[in-house]
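Visitor: Return atomic coordinates for the entry below.
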Amino acid sequence: MSLSEIGQKIAGFIKIVSIVLITSAIGLELGKILGVLNINEIPNNLTPILGIARFALIVHLFEGIIAAIYSGSKSKLPFQYGIYTFFVGTVGLVELFREENS
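Guide: I've put the predicted structure just below:
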């Protein structure tokens with residue numbers, strides 16, 4: 001098995017894990033908002049997890065914006081590729097710039 005094949009398998013695994021974790025982070029944030037609206041307290045042990053989730057959401061949002069801006073130079077739809085990169089993270093940016101350099 002060559003190094004590029006291993007890299008592709010790792011990238012595929014990262015994509016799946018990233019989609020699950022970002023979707024979970026969105027769910028946690030929505031649960032927090034719903035709890036605030038219903039005057040419910042969240043457990044104290046979720047506070048660090050919510051902090052990490054917010055950080056990940058912000059970073060992925062910036063990555064999605066960057067991908068949307070730069071995908072216009074390629075034959076990709078900026079909104080669609082921005083959403084894709086938001087969910088898969090840095091792997092989406094690497095794919096975009098790798099195609100650009102080729």
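
Visitor: Residues contacting stretch 65-75, please?
Guide: Applying Cβ atoms under 8 Å, 6 or more residues apart in numbering, the contact partners of stretch 65-75 are 77-79, 81-82, 84-86, 92-93, 96-97, 99-100. (Each C-beta comes from the backbone N, C-alpha and C, glycine too.)

Visitor: Over to the residue lying farthest from the centre of the chain. Which of the three states is it?
Guide: Within the chain, the residue lying farthest from the chain centre (Cα atoms, centre = their mean) is Ile39, at 29.6 Å. Secondary structure, DSSP: H, G, I helix; E, B strand; the rest coil: Ile39 is coil.

Visitor: Report the central residue of the chain.
Guide: So for the chain, Cα atoms, centre = their mean, it's Phe87, sitting 3.4 Å from the centre.

Visitor: can you tell me which residues contact that residue?
Guide: Phe87 neighbours (Cβ under 8 Å, 6+ apart): 18-19, 22-23, 60.

Visitor: Can you flag the buried ones in the residues you listed?
Guide: 18, 22, 60 (16 or more other Cβ atoms under 10 Å).

Visitor: Dump the residues you listed to JSON lines, plus secondary structure, distance to Ile10 and pLDDT.
Guide: JSON lines is the format used below for the buried ones among the contacts of Phe87 (DSSP: H, G, I helix; E, B strand; the rest coil; distance: Cβ to Cβ, whole Å; pLDDT from 0 to 100):
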{"residue": "Ser18", "secondary structure": "helix", "distance to Ile10": "12", "pLDDT": "95"}
{"residue": "Ile22", "secondary structure": "helix", "distance to Ile10": "18", "pLDDT": "97"}
{"residue": "His60", "secondary structure": "helix", "distance to Ile10": "19", "pLDDT": "96"}
